[in-house]
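**Q** Quick one: sequence plus predicted model below, questions after.
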Amino acid sequence: MSRLLVAGSGLLDSPERRVPLEARGYRIQVAASRAKAIAVILEDPPDLLVAERGFDGGADRELIRAVKASIQKANIPVLLVLSAEEVIRGLDWKAYPVDDFLTTPFGTEELLARLSLAEARLLRVFDNNPLSKLPGNTSILRAIQTSLEKETPAAICYVDIDNFKPYNDRYGFSQGDDVILMVARIVVNVLDELVRDDSFAGHIGGDDFVLIVPEGRVRVVCERILAHFEAVKTMFIAPADLAAGGFVGTDRQGRETRFGLLSLSIAAVTTGGGRFSHSGEVAAAAAGLKHYVKTLDGSNYVVDRRRQ
């Protein structure tokens, strides 16, 4: 249930307005005064704020700025309600850091649509990986669960960059980020090229990615990703290390160790045969497979097609 604070008078004062919202799971609190609205924001922040422009003598700007200036509350979606004439005259939107607006008069269905859109936008923005902009863990888990519920079997692939930590230590975090972005672009481009309409790509974090493709296309997708990676990885490795086939660094225990060049490992688990019912089972199966594929030299992929 989402908690909705309505700052203004008369926006949702009738049962015809409130009942459909409450039926969709919104718990509504109305604050007609500046003092009450700010007290709610400070003491029990809502999930969404709908503010009427100019309410209580112009408290809207003060309220919106209080929300957006707070680190803990800045993520609350804010919708501003104003007249069509005010929109036509133009508004200084820099003074109104809101996420959307509604013009009066508006219907309840339009309000519901705007609220749903604001919540969906918030989920997308804060789930995406800040570096690659790919969907993050919440979206990944949802995509895996969705694929398990489909009748058409899929392959869930865990992609990992080998020797990434020692590479980061040797070349620096900035160049390490460039490698991560390179892998993200390869994954997205290959999926777009081969399985555009029936695939998913997500970024768990660090050098770990997840992609979901139809089971029948998993081999061609993995082979294309590895081929593209091998073709461009030399751009990110110094000539001396390329000539030596690796470099010397320190391992996690601080011991001097020789590491190989960057490579890519992909562990693919197929969902056919009703083998899994939960995303956690997929992750557990993939962990063992990933451990094995990373013991192989160079870039490799393995596909686990076991049905039971």
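**A** Everything's here; your move.
**Q** Looking at the residue nearest to residue 262 when sequence neighbours are not counted now. What's its pLDDT?
**A** Excluding its sequence neighbours, the residue lying closest to residue 262 (C-beta to C-beta, 6 or more residues apart in numbering) is residue 233, at 5.2 Å. The way it works is simple: take the backbone N, C-alpha and C, and place the C-beta from them, glycine included. We have a pLDDT of 96 for residue 233.
**Q** how close does residue 233 sit to residue 158?
**A** 19 Å (C-beta to C-beta, to the nearest Å).
**Q** Who are the contact partners of the nearest residue to residue 272 once chain neighbours are set aside?
**A** Of all residues not flanking residue 272 in the chain, residue 153 sits nearest, at 3.3 Å (C-beta to C-beta, 6+ apart). With contact set as C-beta atoms under 8 Å, 6 or more residues apart in numbering, residue 153 has these partners: 214, 215, 270, 271, 272, 273.
**Q** list the contacts for the third one?
**A** When contacts are counted by C-beta under 8 Å, 6+ apart, residue 270 touches 153, 154, 155, 156, 215, 218, 303, 304, 305, 306.
**Q** Now with 6 Å, please.
**A** Residues near residue 270 by C-beta atoms under 6 Å, 6 or more residues apart in numbering: 153, 155, 215, 305.
**Q** Tell me the secondary structure of residue 268, please.
**A** Using DSSP: H, G, I helix; E, B strand; the rest coil, the structure places residue 268 in strand.
**Q** Count the residues that sit near it.
**A** Residues near residue 268, counting by other C-beta atoms under 10 Å, number 27.
**Q** Could you do residue 56 as well?
**A** By other C-beta under 10 Å, 19 other residues sit near residue 56.
**Q** quick one, phi psi at the spatially closest residue to it that is not a sequence neighbour?
**A** Excluding the flanking residues, the one nearest residue 56 by C-beta to C-beta, 6+ apart is residue 34, at 4.5 Å. Here is the backbone geometry of residue 34 (degrees, to the nearest 10): phi -60, psi -50.
**Q** Residue 34 touches residue 58, doesn't it?
**A** No: assessed by C-beta atoms under 6 Å, residue 34 is found out of contact with residue 58, at 8.7 Å.
**Q** Can you report how many residues neighbour residue 152?
**A** With other C-beta under 10 Å as criterion, residue 152 counts 11.
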